[in-house]
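> here's a sequence, model it:
(2 chains)
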Amino acid sequence: MVRVETCNTLAEASSALSARSRYIGGGTLLMRRVNYGYQGFDHIVRTREDLTSISERDGRIRIGAGVTMAGIISARETEFLAPVARSVGGPAIRAMGTVGGNLFAPHPYGDFATALLALEARVELVGGGEEDIERFLAQRFEPHTAGRGLVAAVSVARPQPGSFRYLKVTRVKPRGASVLAIAAHLNLEGTRVSQARLAFGAMGDRPLRAKAAEAALRGATLDAAGIAPALAVASDGLEPPDDALASAWYRRQVAPVHLRRLLLSERQS
Amino acid sequence: MAKTPVQFTLNGAETALFVDSGANLLDVLRRGVGDLSPKIGCAQGGCGACTVLIDGAPHLSCLTLAETVEGRTIETTAGLAGGAELHPLQTEFMEGFAAQCGYCTPGMLMAAKALLDTNPRPNRAEVAEAISGNICRCTGYEPIIDAVLRVADRMARGVRA
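Okay, the predicted model is just below:
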């Protein structure tokens, strides 16, 4: 059995953590471990502090760590992220699962974190420090060795209309876990890509950028010929695992197919 | 084992009890309160058999830490019927053979209620989306979707039961 400690503030909760503790937000990741008798922790920490605010200032949107996927869907400020949130679980999971928790979702979950990686989000930690999301994800399961506190919020710059695209591939319809997910943030100058940031979900132990494809897209036109070099290197640097949904080989084979569909689509999917 | 006092409203009734530290809401409802309508399925959020409404929104009670429902309002299938009168969803599930083994039915009913409470005239895709977190291994889902759509139609016409 585990001991639950309820703190008034997130800062207090952060201080209460030890190597045998886990923080609980929406519970969708942690409670399954409790239910199955996972022995890696015996202390759960939670807070009464309200972490569900969403605010926008100077074109940058701050999303509290406790905002649920349903909260993302219903908020005006995060309308561009609503298709991503809708792709996560069923209605009950979306009513429970939080933005902060999604940063820690293991493969094949973490679709929302994939979108945040493409959008170059910054992770706000207790105490006011910030961390680039790519660095954060690489060390997300090492909070003590990384010396960081709990996640208070994430922030993203509002993308230009039409510059953010997202696609999730599942075997089960209408909702299922990812065979893969792709998020793309593309800035265009005329018909050419001036800047590209691509993130893949379920193609590694965490959401990963496809940096070779990003480089190949810079200066390219968004047509079949223009994106061909990027598709050729789509899965370079990715480390897809084998699982019950798909083999690593299959994921590598279909990654460029779905990237092509996303890049040539006219709108968010 | 440490116990924590928790108070909440369950199907309209004030409820107070002590829960084990780390207990999930499903366990508290079934063993603590005696409401056996939410079912134990996968205990990892995959099947939806334990779905209840918390403050009107569907939640998986197996993944809900019991002490987080302090002061909140919970609805389960046990509270759907008004005395001897079944809820329209229960009636249509029964008459439309939307339940076979019945194990998924309480979760399906609550997921459908959450939909109809916020969207009284859903289309077929919206019903499928609403139950997308609930697994049924018997019906093939079509009778369930049909039943929910019939209830929406009945409610639009003002037919209660």
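> now for residue 137: which residues touch it?
This is for chain A. With C-beta atoms under 8 Å, 6 or more residues apart in numbering or on different chains as the criterion, the residues that contact A:Leu137 are A:103, A:113, A:117, A:206-207. Bear in mind the C-beta positions are built from the backbone N, C-alpha and C, glycine included.
> not quite, go with chain B.
By C-beta under 8 Å, 6+ apart, the neighbours of B:Arg137 are B:101, B:104.
> which residue packs closest to the residue of chain B found nearest chain A, ignoring adjacent ones?
Relative to chain A, the nearest point of chain B is B:Gly133 (2.0 Å; C-beta to the nearest C-beta). In space, and not counting its chain neighbours, B:Gly133 is closest to A:Gly90: 2.0 Å by C-beta to C-beta, 6 or more residues apart in numbering or on different chains.
> count of residues packed around that neighbour?
24 (other C-beta atoms under 10 Å in any protein chain shown).
> and the residue most central in space within chain B, what element?
Centroid-nearest residue in chain B, with C-alpha atoms, centre = their mean: B:Met110, separated by 2.8 Å. Applying DSSP states H and E as the criterion places B:Met110 in helix B:105-118.
> what do you get for A:Lys173?
Applying DSSP H and E, one finds A:Lys173 in no helix or strand.
> show me the contacts for it.
Residues near A:Lys173 by C-beta under 8 Å, 6+ apart: none.
> roughly how far does it sit from A:Arg135?
Distance, A:Lys173 to A:Arg135, using C-beta to C-beta, to the nearest Å: 35 Å.
> cool, and A:Ala196?
Distance from A:Ala196 to A:Arg135, by C-beta to C-beta: 20 Å.
> got it, and A:Glu5?
To A:Arg135, A:Glu5 is 29 Å away according to C-beta to C-beta.
> of those two, who's got more company?
Using other C-beta under 10 Å, the more surrounded residue of A:Glu5 and A:Arg135 is A:Glu5, with 16 against 11.
> hey, what's the more buried one bridged with?
A:Val45 (DSSP bridges).
> I'd say it and A:His43 touch.
Yes - judged on C-beta atoms under 8 Å, A:Glu5 makes contact with A:His43 at a distance of 6.7 Å.
> get me the contact residues on the stretch 51-200 of chain A for chain B.
Residues of the stretch 51-200 of chain A found near chain B (C-beta under 8 Å from any C-beta of the partner chain) are A:70, A:89-93, A:95-96, A:174-175.
> helices and strands of chain A: which one has the lowest mean pLDDT?
Taking mean pLDDT, DSSP states H and E as the measure, chain A has helix A:143-146 as its least confident helix or strand, at a mean of 52.
> the closest residue in space to A:Asp223 that isn't next to it in sequence - how many residues pack around it?
Leaving out its chain neighbours, the residue that sits closest to A:Asp223 by C-beta to C-beta, 6+ apart is A:Leu264, at 7.4 Å. By other C-beta under 10 Å, 12 other residues sit near A:Leu264.
> and the contacts of the host helix or strand of B:Leu149?
Counting by DSSP H and E, the element that carries B:Leu149 is helix B:142-156. With C-beta under 8 Å, 6+ apart as the test, helix B:142-156 has contacts from B:88-89, B:92-93, B:96-98, B:108, B:112, B:115-116, B:120-122, B:124, B:127-128, B:130-131, B:136, B:160.
> of all the residues in the stretch 1-150 of chain A, which one is nearest chain B?
Closest point on the stretch 1-150 of chain A to chain B, by C-beta to the nearest C-beta, is A:Gly90, at 2.0 Å.
> rounded mean pLDDT for the lengthiest strand in chain A, please.
Counting residues, the longest strand found in chain A (DSSP state E) is strand A:178-189. For strand A:178-189, mean pLDDT rounds to 97.
> next, the buried residues of that strand.
A:178-186 (16 or more other C-beta atoms under 10 Å in any protein chain shown).
> and the furthest pair within these?
Greatest spacing in these, by C-beta to C-beta: A:Val179 and A:Leu186 (22.7 Å).
> show me the contact partners of the helix or strand A:Leu167 falls within.
Here A:Leu167, judged by DSSP H and E, is contained in strand A:164-170. Strand A:164-170 has contacts (C-beta under 8 Å, 6+ apart) with A:80, A:83-84, A:87, A:111, A:115, A:118-119, A:176-186, A:201, A:254, A:258, A:261-263, A:265, A:267-269.
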